[in-house]
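Colleague: Fold the following.
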Amino acid sequence: QGRLATVAPELREKAALAAAVRRAAEAGLARDPSLYLNDYLLARWHNDVAGLPRLHRLMARCAFGVRLSGSHREALRHAKRAVETGPDKLLCHYELSRTYVAVGERALGRRHAEAALQSPVEELNSHLFLQAARDLLQ
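Modeller: Residues are numbered from 1 along each chain as shown. Sure thing, here's the model as predicted:
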């Protein structure tokens, strides 16, 4: 659902999918707080939503009844927990690096981007995160 939300052509569909992703990640976190993936998803969700223009968030709420309220502070909390529970996971370090940069902590962001580059590549998407970490370091 998360990937679909990024490519959905209509704002209504994007908003509905984004809300579903958040609910699923929160439910997963409630079931198993030790699973890094739920905190990673919530960190990414908060980062992505916090980066949306206010007008888009307002439109989602007024037109479609979907409340998208993400914050970099919440992203930071979840990204830190994702790294704690998945210390060797490339995507967790990358999301924490992205979050630190978003809140103005560039040095910490660089540190976690470098950690991402040292993490094992476990899946096809890891290559995307590797490139994103390299881009962050430039």
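Colleague: Pick out the residue nearest the middle of this protein.
Modeller: In the chain, the C-alpha closest to the average C-alpha coordinate belongs to residue 44, at a distance of 0.7 Å (Cα atoms, centre = their mean).
Colleague: what about the chain, any weak spots by pLDDT?
Modeller: Per-residue confidence of the chain (counting by pLDDT under 70) places the weak regions at 1-12.
Colleague: Helices of that one, residue ranges please.
Modeller: Assigned by DSSP state H, the chain shows helices spanning 2-7, 11-31, 36-50, 54-64, 72-85, 90-102, 106-118, 126-137.
Colleague: buried stuff in the second one?
Modeller: Neighbour counts using 16 or more other Cβ atoms under 10 Å place 14-19, 21-22, 25, 28-29 of helix 11-31 among the buried residues. Using the backbone N, CA and C atoms, a C-beta is placed for each residue, glycine as well.
Colleague: okay if I get the residues you listed as CSV plus distance to residue 116?
Modeller: Conversion of the buried residues of helix 11-31 to CSV gives the following (distance: Cβ to Cβ, whole Å):
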residue, distance to residue 116
14, 27
15, 30
16, 31
17, 26
18, 24
19, 28
21, 22
22, 24
25, 20
28, 23
29, 22
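Colleague: Kindly indicate which of these lies nearest residue 90.
Modeller: Closest approach between the buried residues of helix 11-31 and residue 90, by Cβ to Cβ: residue 25, at 18.7 Å.
Colleague: Not counting sequence-adjacent ones, nearest residue to that closest one?
Modeller: The shortest distance from residue 25 to any non-neighbouring residue, by Cβ to Cβ, 6 or more residues apart in numbering, is to residue 41 (4.0 Å).
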